[in-house]
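A.B. asks: this one's structure only:
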Ligand SMILES: Cc1cc2nc3c(=O)[nH]c(=O)nc-3n(C[C@H](O)[C@H](O)[C@H](O)COP(=O)(O)OP(=O)(O)OC[C@H]3O[C@@H](n4cnc5c(N)ncnc54)[C@H](O)[C@@H]3O)c2cc1C
Ligand code: SF4
Ligand code: FES
Ligand code: FES
């Protein structure tokens, strides 16, 4: 028997397939600067414009043909079925979609998948496995750094990157001295994690989990 | 989101030329403002020119002793640059007071300058808004105007410019470098870069169609104590109600620019002569002719107090 998720999957594939053939057949949806799109081309642009992109997700090269409108978040969730990254607001306001691209945390909802040609993307699925958790994942479990868990993948990806940012000497709004290496105090940690909202308010446990991995008391 | 075609730019000149000749073309850099607005169909480009591959991501020293910041330098990298932290602290401080760590990793120098207002009626496509739909009226006049401008506004629009970085750029006398589709590069002083709303609030900057920002240049450091104070509804990850960028010298002279009060970073050089006399005297000149609404009149005393706190901080 086909479960509802399988049905969803095949319906999506069907839609994608249809869209792709329409666009590729109708007009050149992918333009590059060697074949600049003139006004005439823009006027006859297909209803759906497709573009190809290839990037590395969690160590695996993935090639996709996508509607140019597809955000990185939707490419990960809907096309690669990496549903760990969550869609909270879809407008850069909550951090649930945080992933690590080229070693830096970003909001995957506010970037287009086609803008990531050749990039290395790490999602919560690539940090650790249930059998072999990343230290940050293990610390969140130990300290109960969540309640419903919806914001958690974004919190963990963000936290992993925050430790690197502190290591790299990137200052924050609460760093007293811009010219001294920042320390991961509780105030620093909270400021740096402010782009990740937790509707359940698990903040103090999240702070404890991160502090433990950073090697300091919260 | 409306459908669009997409290309990666190969050179600044070519990007500008393509943008000028392609109907509905827009540059995309970090995408953190443009995509937000495209999702709401406030922005509906037919063609996106991705400028991220252009090598405009360096911060170089200039022969004049200043810094030339590439248009694509990310807000995080600009805030963390050791030269910026040492010589242009107000800029580092303004940057890290804005948005979130994730957003600053994507947001670029040019994109930050060009981010659009956060006026709630601009965001609500059911409302009249002269900036979004010229001639439709302004829902903020007589509406919910707590965040809006108190100086330099017009009957057509009372929106504020939301950038923190731009306020620091203004106090530092930055210059915007561009390439135009049809002609040579030019430089625009930051004071002339952002426009007041007047009768055309949809025309926000001095840029002409297709004009691409390549860099922002800072003159040589002026020393002094650098302060950026931002007052907002929560301690982090929120836009300014009022902000103050100040550079104060030992003798009490200095410079001040304000954020959150006008359609552009607000600086009146003549008001700065009042700095040794204190915040009240400076504010009186900076905000002379202010026309607050009932809901945002609080910004007037808030500017004075925030500036007072900044000056006290500078004294140490
Ligand atoms: C939740 C949230 C909170 C935020 N909080 C703050 C805050 O507190 N303070 C603050 O200052 N900002 C804040 N921001 C705004 C953020 O700083 C801007 O979105 C960002 O700086 C825009 O830069 P970008 O590179 O992503 O621009 P994009 O979105 O890529 O582009 C913005 C505009 O600039 C144009 N453009 C880009 N590059 C060029 C170029 N080289 N030449 C010509 N045109 C160009 C684009 O066509 C577009 O019109 C916030 C944003 C979000 C989503
Ligand atoms: S204040 Fe400006 S942006 Fe806001 S509704 Fe009025 S015209 Fe539009
Ligand atoms: S879903 Fe991306 S920030 Fe909320
Ligand atoms: S655990 Fe529920 S939103 Fe954070």
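C.D. replies: Now that the structure is in, tell me what you want to look at. What you see is a predicted model; the values in this text were computed from it and never measured. Numbering: from 1, shown residues only, chains lettered A, B, ... in the order given. Ligands and ions are numbered 1, 2, ... in the order given.

A.B. asks: Of all the residues in chain A, which one is nearest ligand 1?
C.D. replies: residue A:92 (3.3 Å; Cβ to the nearest ligand atom). From N, CA and C alone the C-beta is placed, and that goes for glycine too.

A.B. asks: what helix or strand is that residue on?
C.D. replies: For residue A:92, there is no helix or strand it lies in under DSSP states H and E.

A.B. asks: Next: residue B:213.
C.D. replies: For residue B:213, the host element (DSSP H and E) is strand B:212-218.

A.B. asks: and that strand, anywhere near chain A?
C.D. replies: No: Strand B:212-218 stays clear of chain A (Cβ under 8 Å from any Cβ of the partner chain), getting no nearer than 13.1 Å.

A.B. asks: For the residue nearest the centre of chain A, give the beta-bridge partners.
C.D. replies: Most central in chain A under Cα atoms, centre = their mean is residue A:99, positioned 3.1 Å from the mean C-alpha point. Note on residue A:99: beta-bridge partners residue A:106, judged by DSSP bridges.

A.B. asks: returning to what we had before: can you pull out the residues in contact with the strand holding residue B:213?
C.D. replies: For strand B:212-218, the surrounding residues in contact (Cβ atoms under 8 Å, 6 or more residues apart in numbering or on different chains) are B:12, B:15-16, B:19, B:27, B:51, B:56, B:62, B:66-71, B:88, B:91, B:109-110, B:113-114, B:169, B:172-179, B:185, B:187, B:190, B:207.

A.B. asks: name the helices or strands packed onto the helix or strand harbouring residue B:303?
C.D. replies: Counting by DSSP H and E, the element that carries residue B:303 is helix B:299-315. Packing partners of helix B:299-315 (3 or more Cβ pairs under 8 Å, 6 or more residues apart in numbering or on different chains; DSSP states H and E): strand B:225-231, strand B:242-248, strand B:254-259, helix B:279-286.

A.B. asks: For the third one, name the packing helices and strands.
C.D. replies: In terms of contacts (3+ Cβ pairs under 8 Å, 6+ apart), strand B:254-259 is packed against helix B:165-171, strand B:242-248, helix B:279-286, helix B:299-315.

A.B. asks: Could I get the contacting residues of the residue of chain A found nearest chain B?
C.D. replies: Taking Cβ to the nearest Cβ as the measure, the point where chain A comes nearest chain B is residue A:195, at 2.6 Å. Going by Cβ under 8 Å, 6+ apart, residue A:195 touches A:95, A:98, A:107, A:158, B:99-103, B:237.

A.B. asks: which of those residues lies closest to ligand 4?
C.D. replies: Lowest distance from ligand 4 to the contacts of residue A:195 (Cβ to the nearest ligand atom) belongs to residue A:95, with 10.0 Å.

A.B. asks: quick revisit: closest to residue A:51 out of the helices and strands packed on helix B:299-315?
C.D. replies: Of all the helices and strands packed on helix B:299-315, it is strand B:254-259 that lies closest to residue A:51, at 37.5 Å by Cβ to Cβ.

A.B. asks: State the mean pLDDT of that closest one.
C.D. replies: In this model, strand B:254-259 carries a mean pLDDT of 98.

A.B. asks: That strand to strand B:242-248, inter-axis angle?
C.D. replies: Counting by axes from the mean of the first three to the mean of the last three Cα atoms, to 10 degrees, strand B:254-259 points 160 degrees away from the direction of strand B:242-248.

A.B. asks: Buried residues, strand B:254-259. List them.
C.D. replies: B:254-259 (16 or more other Cβ atoms under 10 Å in any protein chain shown).

A.B. asks: Could you grab the helix/strand/coil label for residue B:237?
C.D. replies: coil (DSSP: H, G, I helix; E, B strand; the rest coil).

A.B. asks: which ones are touching it?
C.D. replies: Residues near residue B:237 by Cβ under 8 Å, 6+ apart: A:194-195, B:99-100.

A.B. asks: Drop anything exposed from these.
C.D. replies: Among the contacts of residue B:237, those classed as buried by neighbour count (16+ other Cβ under 10 Å) are A:194-195, B:99-100.

A.B. asks: Farthest pair within those?
C.D. replies: The most widely separated members of these, counting by Cβ to Cβ, are A:194 and B:99 (9.6 Å).

A.B. asks: So for residue A:4, what's the pLDDT?
C.D. replies: 39.

A.B. asks: what do you get for the one 5 residues further on?
C.D. replies: You'll see residue A:9 listed with a pLDDT of 41.

A.B. asks: returning to what we had before: quick one: which of the contacts of residue A:195 sit in strands?
C.D. replies: Judged by DSSP state E, the subset of these located in strands is A:98, A:107.

A.B. asks: ok, and the most crowded of the contacts of residue A:195?
C.D. replies: Using other Cβ atoms under 10 Å in any protein chain shown as the neighbour criterion, residue A:107 leads the contacts of residue A:195 with 34 neighbours.

A.B. asks: How many residues are close by the residue in the stretch 151-300 of chain B that chain A sits nearest to?
C.D. replies: Closest approach between the stretch 151-300 of chain B and chain A, counting by Cβ to the nearest Cβ: residue B:236, at 3.7 Å. For residue B:236, the count of nearby residues is 19 (other Cβ under 10 Å).
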